[in-house]
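**Student:** Build me a model:
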Amino acid sequence: MKPVFVTGDKVKVRAAEVATHCRTPHYLRGKRGIVARVFGAYPNPEQLAYHRLGVPYLPLYQIEFDFKEVWGKAAGATVITADIYQHWLERDN
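**Tutor:** Numbering: from 1, shown residues only. Below is the predicted model:
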């Protein structure tokens with residue numbers, strides 16, 4: 001699977017609830033951020049957790065969030081970064 005986002009794109013983390021293993025922190029779901037880095041494509045860890053092959057490989061991004069967006073209060077110019085797979089992201093125009 002090819003990356004659909006590039007560095008600088010505005011994204012939003014899907015606010016989905018799942019009953020199985022996932023690598024997307026709950027506190028970031030529904031939050032808006034910016035793609036800081038595109039790492040490439042890797043096996044899907046949500047499939048690997050169940051001893052599956054993890055295919056198709058999924059693009060992995062480093063997303064940068066403003067501290068206030070995540071925790072609701074200002075902390076200067078503090079940012080939070082998280083590595084999030086493409087299937088958890090949507091474009092935020």
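
**Student:** Could you find the closest non-adjacent residue to M1?
**Tutor:** P56 (4.9 Å; Cβ to Cβ, 6 or more residues apart in numbering). Every residue, glycine included, has its C-beta placed from N, CA and C.

**Student:** mind checking the SS state of the one you found?
**Tutor:** Following DSSP: H, G, I helix; E, B strand; the rest coil, P56 is assigned to coil.

**Student:** from memory it sits against N44, does it?
**Tutor:** Yes. Under the criterion of Cβ atoms under 8 Å, P56 makes contact with N44 at 7.5 Å.

**Student:** between those two, which one's more packed in?
**Tutor:** N44 (21 against 10; other Cβ atoms under 10 Å).

**Student:** contacting residues around the residue most central in space within the chain?
**Tutor:** Geometric centre of the chain, nearest residue: I84, 2.6 Å, by Cα atoms, centre = their mean. For I84, the contact set (Cβ atoms under 8 Å, 6 or more residues apart in numbering) comprises 13, 23-24, 28, 60-61, 63.

**Student:** again, but for G76
**Tutor:** F67.

**Student:** So for it, what's the pLDDT?
**Tutor:** pLDDT recorded at G76 is 74.
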